[in-house]
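> Structural data only, the sequence is not supplied:
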């Protein structure tokens, strides 16, 4: 067993390294193609104005005080009926007080059967009152409020399901390793039902005064299960896009109508933002490639999405790909009550959850390719009426240097940060102090503009502001497997 266990660890690490090499090569080839295509388009807009991370931004009339978004991190702060507890209000007020431009309330299930955790929020009429308290607490601190909407699909929790309409289902029949069962493929009626759940949840979010709705189309959740060739094999990209795009189109229509009815006396230029979280890559051979993801991002932009958030990985297939760092396997085993699952996790855990070294801003290469694809799409839309589309990157933004590199050098409009803000909710204020200090000491931005144009990593060099988070990832395991309220275990 010892030999097999260590062999599994080394093999998984080897596969992970090989996969990262493949992704880098794909990104390089795609970027060459995109740059060649760019030379054939109008490049008259050569704006070299430096955009700093703490410059304000307005999206659909909503004013962001900076470009930093507190990422969705499962809170485990709801009762068994999916209604937020007082702790949810306090948690998000503390996060907003840390200075982020927007804070995301995590894992808002669109239906009881779409949950994967018992302490997970259900975004429904019954939750509106407490959700209004959450948004009020965030707004008091000067941040915008966002809620993430999702359905777990094939890995939704059977024990939380009520009735036949809430059973596990996905784009195709898939084995669920977390429950050792096989889900059924969705029918046309299922698609209509789930779409209505998304629409109703979005309407409830608008009534709860959320400024933004993040639709989870990544990490292996239901809409991602449609998009991924690994989870939805043998289907063309065009057909894989149909259901997620239909959901997004109907959400856009529903929230605009709901907001108009609720806010007749407010300015017409203030609307509810739609953000999607999508995968750059699935993190495994046979999954999404950067090239396909670039086309998905363009399709989402055409659906009326305002912000496209880029991440990667599949929850059950490759565990911590979207986080990197330590794999707390012993904590995961001890948190599992079923003896068979404990044994399976000990033997197969290293294969499913390989250790991948943490590097700051680790989705940069693939993310920049998708950013370039959206820029080219915008150029082609010049003669057509269009809405503004903004790009957001996440994955290892743990210092001012990586923050600056993503916004000021690479040209992303926003970043999302999770663990860094969990470890230290005030790190955003520290980053602002760094920016203010060095902006004041460099009144001339000529060198900064040149560096940004050349894509150098951070005008300010290594000026600190690095999170002391150790990337132990115990906070994730405690919240998801032990249902403990989200917290840094080192506090």
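Structure received. Please read these numbers as outputs of a predicted model, since none were measured by experiment.
> Can you show me the helices along the stretch 101-250 of the chain?
Assigned by DSSP state H, counting those that start in this stretch, the stretch 101-250 of the chain shows helices spanning 128-140, 188-207, 222-227, 237-262.
> Deepest-packed of those helices, please.
Across the helices of the stretch 101-250 of the chain, the average number of neighbours (mean count of other C-beta atoms under 10 Å) peaks for helix 222-227, which reaches a mean of 27. Just so you know, the C-beta spots here come from the backbone N, C-alpha and C atoms, and that holds for glycine as well.
> Do me a favour and average the pLDDT over it.
On average, the pLDDT along helix 222-227 is 98.
> Contacts for that helix, please.
114, 150-154, 170-171, 174, 194, 215-218, 231-232, 240-241, 243-244, 247, 278-279, 288, 296, 314 (C-beta atoms under 8 Å, 6 or more residues apart in numbering).
> By mean pLDDT, flag the weakest helix or strand of this protein.
Within the chain, no helix or strand scores below helix 446-454, which has a mean of 42 by mean pLDDT, DSSP states H and E.
> Follow the chain on from that one and name the next helix or strand.
Once the chain leaves helix 446-454, the next helix or strand it forms, by DSSP states H and E, is helix 474-481.
> Check which helices and strands that following helix is in contact with.
Counting by 3 or more C-beta pairs under 8 Å, 6 or more residues apart in numbering; DSSP states H and E, the packing neighbours recorded for helix 474-481 are helix 329-335.
> how about stretch 50-58: buried residues?
50, 52, 53, 54 (16 or more other C-beta atoms under 10 Å).
> same deal with stretch 114-131?
Neighbour counts over stretch 114-131 (16+ other C-beta under 10 Å) mark 114-117, 119-124, 127-128, 130-131 as buried.
> Could you do stretch 179-187 as well?
Within stretch 179-187, the residues that qualify as buried are 179, 183, 186, counting by 16+ other C-beta under 10 Å.
> Relative to residue 487, which of the buried residues of stretch 50-58 is nearest.
The closest of the buried residues of stretch 50-58 to residue 487 turns out to be residue 53 (C-beta to C-beta; 26.3 Å).
> Then that closest one would be within a helix, right?
No: assigned with DSSP: H, G, I helix; E, B strand; the rest coil, residue 53 falls outside any helix and is coil.
> Now do the contacts for it.
Counting by C-beta under 8 Å, 6+ apart, residue 53 makes contact with 66, 67, 68, 400, 403, 404, 407, 408, 415, 431, 435.
> now those in JSON lines, with distance to residue 204?
Output for the contacts of residue 53, formatted as JSON lines (distance: C-beta to C-beta, whole Å):
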{"residue": "66", "distance to residue 204": "28"}
{"residue": "67", "distance to residue 204": "28"}
{"residue": "68", "distance to residue 204": "27"}
{"residue": "400", "distance to residue 204": "37"}
{"residue": "403", "distance to residue 204": "33"}
{"residue": "404", "distance to residue 204": "37"}
{"residue": "407", "distance to residue 204": "32"}
{"residue": "408", "distance to residue 204": "37"}
{"residue": "415", "distance to residue 204": "28"}
{"residue": "431", "distance to residue 204": "34"}
{"residue": "435", "distance to residue 204": "37"}
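> By neighbour count, which of these wins?
Highest neighbour count within the contacts of residue 53: residue 403, with 30 neighbours (other C-beta atoms under 10 Å).
> And the pLDDT at the closest residue to that one other than its chain neighbours?
Using C-beta to C-beta, 6 or more residues apart in numbering and skipping residues adjacent in sequence, the residue nearest residue 403 is residue 53, 5.0 Å away. Model confidence at residue 53, given as pLDDT, is 96.
> List the backbone torsions phi and psi for residue 53.
phi -60, psi -30 (degrees, to the nearest 10).
> Tell me the span between the first and last residue of stretch 203-217.
Taking C-alpha to C-alpha, to the nearest Å, stretch 203-217 runs 19 Å from one end to the other.
> Quick check: mean pLDDT of it?
So the average pLDDT for stretch 203-217 ends up being 97.
> Stretch 59-72 too?
Stretch 59-72 shows a mean pLDDT of 97.
> Residue 145: what's it in contact with?
92, 102, 103, 105, 134, 135, 138, 139, 209, 210, 211, 212.
> Let's see that with 6 Å instead.
Taking C-beta atoms under 6 Å, 6 or more residues apart in numbering, we find residue 145 in contact with 135, 138, 210, 211.
> in the stretch 351-491 of the chain, which spans are helices?
364-380, 400-404, 419-423, 427-441, 446-454, 474-481.
> Ok, which of these comes nearest residue 331?
helix 474-481 (4.8 Å).
> how far out from the middle of the chain is the closest one?
18 Å (C-alpha atoms, centre = their mean, to the nearest Å).
> ditto for stretch 181-191
Stretch 181-191 sits 25 Å away from the centroid of its parent chain (C-alpha atoms, centre = their mean).
> about what we covered before: show me which of the helices of the stretch 351-491 of the chain has the highest average neighbour count.
Burial of these is given as mean neighbour count (mean count of other C-beta under 10 Å); helix 400-404 ranks first at a mean of 26.
> For the residue nearest in space to the middle of the chain, give its distance to residue 433.
Nearest to the geometric centre of the chain sits residue 277, at 4.2 Å (C-alpha atoms, centre = their mean). Applying C-beta to C-beta, to the nearest Å, the value for residue 277 to residue 433 is 29 Å.
> Could you do residue 213 as well?
32 Å.
> now residue 356
From residue 356 to residue 433 the distance is 32 Å (C-beta to C-beta).
> Ok, residue 114 next?
Taking C-beta to C-beta, one finds residue 114 at 41 Å from residue 433.
> repeat for residue 333
42 Å.
> Please apply the same query to residue 269.
33 Å.
> Low-confidence regions, the protein specifically.
1-19, 38-48, 161-166, 264-268, 382-386, 441-464, 491 (pLDDT under 70).
> Pull the number of nearby residues for residue 169.
Neighbours of residue 169 (other C-beta under 10 Å): 25.
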